[in-house]
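K.L.:
A predicted structure for the sequence below; I have some questions about it.
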Protein chains: 2
Amino acid sequence: MTLALDAAAQDLLFREARTANTFSDEPVSDEQVQAIYDLVKYGPTAFNQQPLRIVLVRSEEGRARLVQHMAEGNQAKTASAPLVAILAADNEFHEELPTQLPHFPQAKDVFFSERSVREASATLNGALQAAYFIIGVRAAGLAAGPMTGFNAEGINKEFFGDGEHSVLAVVNIGKPGEDAWFPRSPRLAYDEVVTTV
Amino acid sequence: MTLALDAAAQDLLFREARTANTFSDEPVSDEQVQAIYDLVKYGPTAFNQQPLRIVLVRSEEGRARLVQHMAEGNQAKTASAPLVAILAADNEFHEELPTQLPHFPQAKDVFFSERSVREASATLNGALQAAYFIIGVRAAGLAAGPMTGFNAEGINKEFFGDGEHSVLAVVNIGKPGEDAWFPRSPRLAYDEVVTTV
């Protein structure tokens, strides 16, 4: 049984793609990020909600503001990657539903009037969108280095400050550098993950 | 600026792929699910954790047990899709870290001794893996119909019962049927999602 997706695309997105820990000096342009977004924005979410927000850290000052909130083991690579993207969920995404879900504009009030429900939904669907973004970085021929080792509260205050956003991941982006990754770690076997009822 | 991923793959995975609400009668085989898993298992997660668990609902009895927990608007399609997969996070994923993260086996105890930390990590990384799985379904030339409208506590008890698993999504899988989808809903513009500092 083979997949419909061609082998080169399988390799580019999954089989040969790796999480990079070092990067070359080659810059990542806004045009590349735009091309990534214009692809992955079509990834499916519940109620077509789009909680994902992306902060591209380009200035020296922005980089310093971010690095101080990263775990020690992530600081050097966050400081040196060609581009760093903060991926966060906007917990007030429901305000956009009347325009983003035109066939059911009432969803905003019917399902998302409670903050705790909104937050859980923004986390889940924001994470789906974060995964699509990582796939998109690879689709652009770049390596992604997603990280969750950071002071989340610190990043939320530093870069959003409105109490309405929750950082999901920080992603280093660029062409891989020297010794960019560890050997591939194992994966669970099919039978350890999949059961049938 | 173009992507490295070829146009056919872009269409298959994102641009022309749609969330299906109806399906043809064509069955989905275990071999297809195995091929999907063998591709998407390589998607990156924090600490190489692999909390995603997949329950394939194949028996009539299993289908009935699931449908009763689905929101009314999701019941008919869940009852009729060629294959339904329950995607859940195993909140005790950390037990596998010593074998799945051989270069840092201590991660299990250093980072995940607290249940609340494990649960948050399982939710985030399980959602990343759920997104990879949805992409994998599309890579197999199939349509996915992911749903979050269900009684989560009911599904957790019905299909896991150990108190250690949290359902993330239920996904209908198959070839699209007649009138399989609504017109595509809008997406946020780049400037509404991406900012630069």
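P.N.:
Thanks, I have the structure now.

K.L.:
The longest strand anywhere in chain A pairs with which strands?
P.N.:
Taking DSSP state E as the criterion, chain A has its longest strand at strand A:165-174. Paired neighbours of strand A:165-174 in the sheet (DSSP bridges): strand A:83-90 (antiparallel), strand A:143-147 (antiparallel).

K.L.:
quick one: low-confidence parts of chain A?
P.N.:
Residue ranges of chain A with pLDDT under 70: A:1.

K.L.:
List the residues that contact the residue nearest the centre of chain A.
P.N.:
In chain A, the C-alpha nearest the mean C-alpha coordinate belongs to A:Ala130, at 2.9 Å (Cα atoms, centre = their mean). A:Ala130 sits next to A:Leu52, A:Leu87, A:Pro146, A:Leu168, A:Ala169, B:Leu128, B:Ala131 when contact means Cβ atoms under 8 Å, 6 or more residues apart in numbering or on different chains. C-beta: built from backbone N, CA, C; applies to glycine.

K.L.:
which phi and psi does the nearest residue to the last one once chain neighbours are set aside have?
P.N.:
On the basis of Cβ to Cβ, 6 or more residues apart in numbering or on different chains, the spatially nearest residue to B:Ala131 that is not a chain neighbour turns out to be A:Ala131, at 3.4 Å. Backbone geometry at A:Ala131, expressed as degrees, to the nearest 10, gives phi -60, psi -40.

K.L.:
from what I can see A:Ala131 touches B:Gly126, true?
P.N.:
No. Contact between A:Ala131 and B:Gly126 fails when scored by Cβ atoms under 8 Å: they sit 10.6 Å apart.

K.L.:
okay, and the common contacts of the two?
P.N.:
Counting by Cβ under 8 Å, 6+ apart, A:Ala131 and B:Gly126 have no common neighbour.

K.L.:
Can you tell me which of the contacts of A:Ala130 is closest to B:Ala17?
P.N.:
The shortest gap between B:Ala17 and any of the contacts of A:Ala130 belongs to B:Ala131, at 12.8 Å (Cβ to Cβ).

K.L.:
wait, isn't the closest one in contact with A:Gly126?
P.N.:
No. Contact between B:Ala131 and A:Gly126 fails when scored by Cβ under 8 Å: they sit 10.6 Å apart.

K.L.:
Check the contacts of A:Ala130 against A:Glu192 and report the nearest one.
P.N.:
Distances from A:Glu192 to the contacts of A:Ala130, taken as Cβ to Cβ, are shortest for B:Leu128 (18.1 Å).

K.L.:
Run through the residues that contact the closest one.
P.N.:
B:Leu128 touches A:Ala127, A:Leu128, A:Ala130, A:Ala131, A:Ile134, B:Gly43, B:Pro44, B:Thr45, counting by Cβ under 8 Å, 6+ apart.

K.L.:
Find the residue closest to it in space, skipping its chain neighbours.
P.N.:
Spatial nearest neighbour of B:Leu128, chain neighbours left out: A:Ala131 (4.3 Å); criterion: Cβ to Cβ, 6+ apart.

K.L.:
any idea how far B:Gly43 is from that neighbour?
P.N.:
Distance of A:Ala131 to B:Gly43, given as Cβ to Cβ, to the nearest Å: 7 Å.

K.L.:
same thing with A:Val194?
P.N.:
16 Å.

K.L.:
Mind checking which of those two has more residues around it?
P.N.:
Neighbours per residue (other Cβ atoms under 10 Å in any protein chain shown) separate A:Val194 from B:Gly43, with B:Gly43 holding more: 24 against 19.

K.L.:
Just the element for the closest residue to that one other than its chain neighbours, please.
P.N.:
In space, and not counting its chain neighbours, B:Gly43 is closest to B:Tyr132: 3.6 Å by Cβ to Cβ, 6+ apart. B:Tyr132 belongs to helix B:115-139 when assigned by DSSP states H and E.

K.L.:
Of all the residues in that helix, which ones are buried?
P.N.:
Neighbour counts over helix B:115-139 (16 or more other Cβ atoms under 10 Å in any protein chain shown) mark B:118-119, B:121-139 as buried.

K.L.:
Next: stretch A:93-101.
P.N.:
Neighbour counts over stretch A:93-101 (16+ other Cβ under 10 Å) mark A:Phe93, A:His94, A:Glu96, A:Leu97, A:Gln100, A:Leu101 as buried.

K.L.:
Tell me who's in contact with the residue nearest to A:Ala139 when sequence neighbours are not counted.
P.N.:
Nearest non-adjacent residue to A:Ala139, counting by Cβ to Cβ, 6+ apart: B:Leu5, 3.8 Å away. Neighbour list for B:Leu5: A:Ala9, A:Leu12, A:Leu13, A:Leu39, A:Arg138, A:Ala139, A:Ala140 [criterion: Cβ under 8 Å, 6+ apart].

K.L.:
before we move on, what about A:His69?
P.N.:
Contacts of A:His69 by Cβ under 8 Å, 6+ apart are A:Phe150, A:Asn151, A:Gly154, A:Ile155, A:Glu158.

K.L.:
Repeat the analysis, applying 6 Å as the threshold.
P.N.:
Applying Cβ atoms under 6 Å, 6 or more residues apart in numbering or on different chains to A:His69 gives the contacts A:Phe150, A:Asn151, A:Gly154, A:Ile155.

K.L.:
Would you check which pair of those lies furthest apart?
P.N.:
The span of these, defined through Cβ to Cβ, is set by A:Phe150 and A:Gly154 at 7.4 Å.
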